[in-house]
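Enquirer: Compute the structure for the input listed below.
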Amino acid sequence: DAFWGSISLTDTDVNQNKSLFVELTDLIAENMPNLNRVFETDPSMKAIITDRNGEIYSLPKKLPLRPQVNDIMYINQTWLDALDLEMPDTYEDLEAVLEAFVTQDPNGNGQADEIPYCFSEDMWCAYATNTMGWWGIGDGAGSDTTSSKSTRDGVVSGSVNTDEYRQYLEYHHMLYSEGLMDQEGFSQNTEMFSTKIKSNQVGTYFAWTALEYLSSEQEKDWVVLPPIQALEGVDPIANGEVQRSTIQKNKWVVTNQCEYPEAAIRLWDYQSRDVESALTVALSEKGKLWDEYEDGSGYYFVVPEDTTPEFTFEHMKYTYGTVNDGPLLTIADTPKNDGEISPAAALRDTMVDQVDEYFIPKEDQLPQTYVSTEAIDRRTFIETDLFAYIKQFRAQAIMNGFTDAEWDAYVERLDQLQYQEWLQWYQDMMDGTLE
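Expert: Take a look at the predicted model:
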């Protein structure tokens, strides 16, 4: 009858199969008082789900105004203390720390099982590209799209065909060849990656939060490793965007097999009838992962004391609720991470604060706007072969190194795979001229 959550359907899925879904414009006007109130106060919510024909096929969700941070690099403070090491602040210092991690048995088990820098291409927030920002390139995250372009002062340019990117590859090849970087990073799955962290084998890694794989007690061993400046005069970039308010489509899509589509969208709207109802859908019942201040001034997150490495706070959120795929909540109604009530809940905010000065500024963030099916198709057609080639060369370059001739051939091949056309697509989107 309906698809719930934008992870189920992409824009292309919906746009190319409209005959399978219900057009919702009139149904929204007649059956969704809560969403209509949001449309009145924030017209952008309606604009982003309305296609060029004036039709609506999915319902939206707006995430709170906040730093958009995909991943943070953590370093094992207990290991630093055990070896009497300082926090590294240059990439030469980092190399020395990683070398000590692999040779001096910081976990104290008498085995040479330490992995100085652990990563996984299977884990969405632990890619090898997460450190590209140290060389001042990329758009603040490790995904294929954000790592393959650099947007500065409104101008979109290439990132994976630059001298800076070449230096990034050469540095990581050195780490890999010396055993300072996980030898299984390009092949291991998320479970293997997380098991190493839980087993106290890892010195540094990227994650959404230290609580993602660790209990509230274990996370105390870890601290943030801020972005390192790899090039003199070039500011490093962290994997985030300042104060980004994200509107998402396809949160609720009704199919033509639904006998009562008006009831289907009333169900979505009903979940937003009041704050506590919306929070219950998103985060389970009151008192489990969230609660209300006694004076009624708002809501706050609660991290239960019974978290374990196998069932962390992040696991609990996605087990008990729909989290970001829940119904509408205003910014004011979103639970706060209150360190005085639940220090563990405030952990990620505290860690984000340590890197937010390195985030992509608002003026260099892509605008949130409707993009036509035709434009999406043009971009995704290019991306299939382009991204596969970039990823293949990156893996081979880090593991095996490369020659000048191989680098030149790689750059030439990028243009053959329409890299410049792909960059122009995003420039047009920045300029508001994308058709």
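
Enquirer: and the closest residue in space to D13 that isn't next to it in sequence, what are its phi and psi?
Expert: The shortest distance from D13 to any residue other than its chain neighbours is 7.9 Å, reached at N250 (C-beta to C-beta, 6 or more residues apart in numbering). In this view, the C-beta of every residue, glycine as well, is placed from N, C-alpha and C. Backbone geometry at N250, expressed as degrees, to the nearest 10, gives phi 60, psi 30.

Enquirer: Local confidence estimate at N250?
Expert: For N250, the pLDDT comes out at 82.

Enquirer: quick one: the helices in the stretch 301-435 of the chain?
Expert: 313-320, 347-353, 373-400, 404-416, 419-431 (DSSP state H, counting those that start in this stretch).

Enquirer: Among these, which comes closest to P43?
Expert: Smallest distance to P43 across the helices of the stretch 301-435 of the chain (C-beta to C-beta): 20.2 Å, for helix 419-431.

Enquirer: Check what contacts that closest one and list those residues.
Expert: Residues from elsewhere that reach helix 419-431 (C-beta atoms under 8 Å, 6 or more residues apart in numbering): 148-149, 151, 154-158, 161, 366-367, 369, 371, 375, 378-379, 382-383, 386, 434-435.

Enquirer: among the residues you listed, which ones are buried?
Expert: Buried residues within these, counting neighbours by 16 or more other C-beta atoms under 10 Å: 148-149, 151, 156, 158, 161, 366, 371, 378-379, 382-383, 386, 434.

Enquirer: Compile those into a markdown table and extend it with columns for distance to L59 and pLDDT.
Expert: Shown next, in a markdown table, are the buried ones among the contacts of helix 419-431 (distance: C-beta to C-beta, whole Å; pLDDT from 0 to 100):
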| residue | distance to L59 | pLDDT |
| --- | --- | --- |
| S148 | 31 | 96 |
| K149 | 30 | 97 |
| T151 | 29 | 94 |
| V156 | 31 | 97 |
| G158 | 36 | 97 |
| N161 | 40 | 98 |
| L366 | 22 | 83 |
| V371 | 18 | 81 |
| R378 | 27 | 92 |
| R379 | 24 | 94 |
| I382 | 30 | 97 |
| E383 | 27 | 97 |
| L386 | 32 | 98 |
| L434 | 24 | 87 |
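
Enquirer: Next SSE downstream of the lowest-mean-pLDDT helix or strand in the chain?
Expert: Within the chain, no helix or strand scores below strand 66-69, which has a mean of 52 by mean pLDDT, DSSP states H and E. Once the chain leaves strand 66-69, the next helix or strand it forms, by DSSP states H and E, is strand 72-76.

Enquirer: Given that following strand, what are its sheet partners and their directions?
Expert: strand 202-207 (antiparallel), strand 222-224 (antiparallel) (DSSP bridges).

Enquirer: The closest residue to I137 other than its chain neighbours and E212, how far apart?
Expert: Distance criterion C-beta to C-beta, 6+ apart; nearest residue to I137, sequence neighbours excluded, is S159 at 4.1 Å. Distance, S159 to E212, by C-beta to C-beta, to the nearest Å: 27 Å.

Enquirer: again, but for T145
Expert: Using C-beta to C-beta, one gets 23 Å for the distance from T145 to E212.

Enquirer: cool, E95 as well?
Expert: On the measure of C-beta to C-beta, E95 and E212 end up 26 Å apart.

Enquirer: A395: what's its closest spatial neighbour, skipping adjacent residues?
Expert: F186 (4.9 Å).

Enquirer: who are the neighbours in contact with Y320?
Expert: With contact set as C-beta under 8 Å, 6+ apart, Y320 has these partners: 283-284, 288-289.

Enquirer: isn't Q354 right next to P227, touching?
Expert: No. Using C-beta atoms under 8 Å, Q354 is not in contact with P227; the gap is 10.2 Å.

Enquirer: more crowded one of these two?
Expert: P227 (22 against 14; other C-beta atoms under 10 Å).

Enquirer: for the more buried one, what are its contacts?
Expert: Contacts of P227 (C-beta under 8 Å, 6+ apart): 73, 133-134, 236-238, 355, 358.

Enquirer: Regarding D269, what is its secondary structure?
Expert: helix (DSSP: H, G, I helix; E, B strand; the rest coil).

Enquirer: hey, where'd the strands end up in this protein?
Expert: Taking DSSP state E, the strands of the chain run over residues 2-4, 59-62, 66-69, 72-76, 115-118, 149-152, 155-158, 202-207, 222-224, 240-244, 247-254, 290-292, 299-301.

Enquirer: so can I have TSV of these showing distance to G339?
Expert: Output for the strands of the chain, formatted as TSV (distance: least, C-beta to C-beta, whole Å):
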stretch	distance to G339
strand 2-4	33
strand 59-62	26
strand 66-69	16
strand 72-76	17
strand 115-118	28
strand 149-152	34
strand 155-158	38
strand 202-207	20
strand 222-224	15
strand 240-244	20
strand 247-254	28
strand 290-292	15
strand 299-301	10
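
Enquirer: For these, which has the smallest mean pLDDT value?
Expert: Among the strands of the chain, strand 66-69 has the lowest mean pLDDT, at a mean of 52.

Enquirer: tell me the mean pLDDT over stretch 14-26?
Expert: Averaging pLDDT along stretch 14-26 yields 92.

Enquirer: Check which residues of stretch 275-282 are buried.
Expert: 275, 278-282.

Enquirer: Same question for stretch 283-298.
Expert: Neighbour counts over stretch 283-298 (16+ other C-beta under 10 Å) mark 283-284, 289-292 as buried.

Enquirer: Now the two most distant members of those residues.
Expert: Maximum pairwise distance among the buried residues of stretch 283-298 (C-beta to C-beta): 14.1 Å, between S284 and E292.

Enquirer: So what's the residue count around L414?
Expert: L414: 20 surrounding residues under other C-beta under 10 Å.
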